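The following comprises the amino acid sequence and a computationally predicted model.
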Amino acid sequence: MEKIKTQNLSFQYANNKVGFSGKLEYFLINSYTYFKELPNPTNNLLISKQIEPAQEGNLNLLKLTVEQNFKFRRWHLDNRVVYQKSDKMDVLATPELYTWHSLYYANILYNVMDFRIGMDVRFNTPFRTPSYSINSGQFYNDNLGIEFSTYPVADVWFTGNIDRVNLFISYNFANQHVYPRGYYSVRRYPMTPAYLRFGVSWKFYD
């Protein structure tokens, strides 16, 4: 195997007054290394689902990231959109477009608790989803090249701060109770259904 060599060229612009930032990046990856399933046109059971490391000569990737944040009094809407295109999209398991949006309300409760409550939504376009090999613990490109349908995924959350105490609670994949009932990002492995997370951080001082 040849050593992987990555060359990167980027340009970034930010305007804090209007809450805008943009970044354009170009990557040239030499000897990109990944795992793939062995060709098996005759469906030979002896080599079925066997994988091997592989390398791609040169891989070009162009990535554009745009962020725009809005604020109206105590309401906030943060947005991030990423577009990326490669000449080897069948090798690089990544979506061409993905977005993230966060709508939340921030205030101080009784002059004691600094809190935020809101919802995050993320979405990406379909892409060649990888498979996972349990025995080797590696993701790999299979011979089928399946592209699962993609859906928005929404999380609702609350954060609070009282002096040295930080509180956090979120309900992830909340839209499962509406649509869709579930989704995949890796073949044969459904993503985690709706679940609740809770955390407390308390800093003690002498």
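Yep, that arrived. Numbers count the residues shown, from 1 in each chain.

Got the phi and psi for Asn175?
The phi and psi torsions at Asn175 (degrees, to the nearest 10) take the values phi -80, psi 0.

List the contacts of it.
Contacts for Asn175 were tallied using Cβ atoms under 8 Å, 6 or more residues apart in numbering; they are 152-154. C-beta coordinates here come from the backbone N, C-alpha and C atoms, glycine included.

again, but for Arg164
So, once contact is read as Cβ under 8 Å, 6+ apart, Arg164 ends up touching 202-205.

now that we have the residues you listed, which one has the most neighbours?
Among the contacts of Arg164, the one with the most neighbours (other Cβ atoms under 10 Å) is Trp202, at 10 neighbours.

Verify the stated contact: Ile169 with Val156.
No: checked against Cβ atoms under 8 Å, the pair Ile169 and Val156 is beyond contact range at 9.3 Å.

returning to what we had before: just the closest of the contacts of Arg164 to Tyr26, please.
Proximity of the contacts of Arg164 to Tyr26 (Cβ to Cβ) peaks at Lys203, which lies at 42.5 Å.

Next up, phi/psi of the closest residue to that closest one other than its chain neighbours, please.
Once its chain neighbours are removed from consideration, Lys203 has its nearest residue in Arg164; the separation is 4.2 Å (Cβ to Cβ, 6 or more residues apart in numbering). As for Arg164, its main-chain torsions (degrees, to the nearest 10) stand at phi -100, psi 10.

Whichever of the contacts of Asn175 end up buried, select them in PyMOL.
The following PyMOL line selects those of the contacts of Asn175 that are buried, judged by 16 or more other Cβ atoms under 10 Å:
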select buried, resi 153+154
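
is it possible to export the contacts of Asn175 to CSV including secondary structure and distance to Gln7?
Supplementary listing: the contacts of Asn175 in CSV, determined by DSSP: H, G, I helix; E, B strand; the rest coil; distance: Cβ to Cβ, whole Å:
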residue, secondary structure, distance to Gln7
Pro152, coil, 35
Val153, strand, 34
Ala154, strand, 38
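
okay if I get the contacts of Asn175 as TSV plus distance to Leu97?
TSV is the format used below for the contacts of Asn175 (distance: Cβ to Cβ, whole Å):
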residue	distance to Leu97
Pro152	13
Val153	15
Ala154	18
